[in-house]
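Trainee: Got a predicted model here, sequence first, then my questions.
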Amino acid sequence: MIVSPSLLAADFLNLQHELKRFDGLSDIWLHLDIMDGHFVPNLTFGHPVVELLAKIAKHPLDAHFMVTNPEFYIDTFKNYKIHNFTFHYELFTENKDELIRLIKKAKAFYPSVGLSIKPNTDVTVLTDEILKELDLVLVMSVEPGFGGQKFMPNSLKKVEQLSIKRLELALNYSIQIDGGINEETAKVAIKAGADNLVAGSAIFKHPMENTATAIKNMIS
Ligand code: DX5
Ligand code: ZN
């Protein structure tokens with residue numbers, strides 16, 4: 001089980017200090033929500049900030065691109081030690097060949113490549129052909145763009161279906177869930193088959209010294 005704390009909920013004035021929360025903890029990815037103010041109505045951080053974070057991070061970086069032109073980011077983030085590169089399916093509803101081309105391109109530069117679906121996107125759009133290319137599928141359990149929203153339970157069915165598909169096709173992509181994850185929703189998400197939990201506010205709302213316990217309570 002991996003927990004991916006979303007830095008969107010961290011104190012942006014003290015990012016280096018915030019990362020100390022995870023010192024000594026294992027099975028942690030640092031989730032970076034990259035937004036372009038276009039695919040979603042919000043802007044977060046971009047190249048210079050991620051480059052600096054990469055220099056000090058002791059855990060794998062998990063970048064979630066909520067952007068309209070992922071190819072630009074595949075090219076421009078490739079030297080920042082990003083472990084997982086996730087972008088959104090919704091950009092390619094009319095062009096699956098282009099989607100596969102971009103997944104393959106990203107795989108040349110990043111150890112892990114993920115694809116995300118928004119709450120209104122049916123999981124069946126992820127065909128076997130697409131799933132076979134992926135290291136991770138990210139099921140959004142809130143509308144992307146902002147932290148602190150309420151968990152949408154319709155995401156659980158999608159996680160279950162992805163879990164069944166994974167067995168059927170003998171694949172080993174991770175199933176990540178993102179949005180409104182806290183101690184309670186983490187439990188149901190894990191039960192449904194999620195093995196990678198993104199959590200922002202539920203982790204960073206705690207004082208630093210309670211971080212490890214908060215994470216432990218989520219997954220046990
Ligand atoms: C939303 C982001 C999430 C967000 C989750 O667009 O993708 O990663 O930070 O925040 P919480 O855990 O507060 O819902
Ligand atoms: Zn995210």
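Mentor: That came in fine, so what should we check first? Quick caveat, the model's predicted, so the values are computed rather than measured. Residues are numbered from 1 along each chain as shown. Ligands and ions are numbered 1, 2, ... in the order given.
Trainee: so the residue of the chain found nearest ligand 2 bridges to which residues?
Mentor: The chain approaches ligand 2 most closely through residue 64 (3.7 Å), counting by C-beta to the ion. Bear in mind the C-beta positions are built from the backbone N, C-alpha and C, glycine included. Assessed by DSSP bridges, residue 64 has beta-bridge partners residue 33, residue 86.
Trainee: I figured it hits residue 31, correct?
Mentor: Yes: applying C-beta atoms under 8 Å, one finds residue 64 in contact with residue 31, separated by 6.2 Å.
Trainee: So for those two, which residues contact both of them?
Mentor: Residues touching both residue 64 and residue 31 by C-beta atoms under 8 Å, 6 or more residues apart in numbering: 178, 198.
Trainee: so what's residue 109 scoring on pLDDT?
Mentor: Reported pLDDT at residue 109 in the predicted model: 98.
Trainee: Please name the residues that touch it.
Mentor: By C-beta under 8 Å, 6+ apart, the neighbours of residue 109 are 74, 78, 85.
Trainee: what's the answer for residue 189, then?
Mentor: 141, 155-156, 159, 177, 181, 197.
Trainee: Can you tell me how far it is from residue 157?
Mentor: Residue 189 sits 12 Å away from residue 157, going by C-beta to C-beta, to the nearest Å.
Trainee: before we move on, what about residue 66?
Mentor: From residue 66 to residue 157 the distance is 23 Å (C-beta to C-beta).
Trainee: So between the two, which is more surrounded?
Mentor: The neighbour count for residue 66 versus residue 157, taken as other C-beta atoms under 10 Å, is higher for residue 66 (23 against 12).
Trainee: gap between that one and residue 105?
Mentor: Residue 66 is 19 Å from residue 105, by C-beta to C-beta.
Trainee: give me phi/psi at residue 200?
Mentor: With angles defined as degrees, to the nearest 10, residue 200 shows backbone torsions of phi -100, psi -80.
Trainee: Next up, the contacts around it.
Mentor: By C-beta under 8 Å, 6+ apart, the contact list for residue 200 reads 5-9, 31, 147-148.
Trainee: I am finished for the moment; much appreciated.
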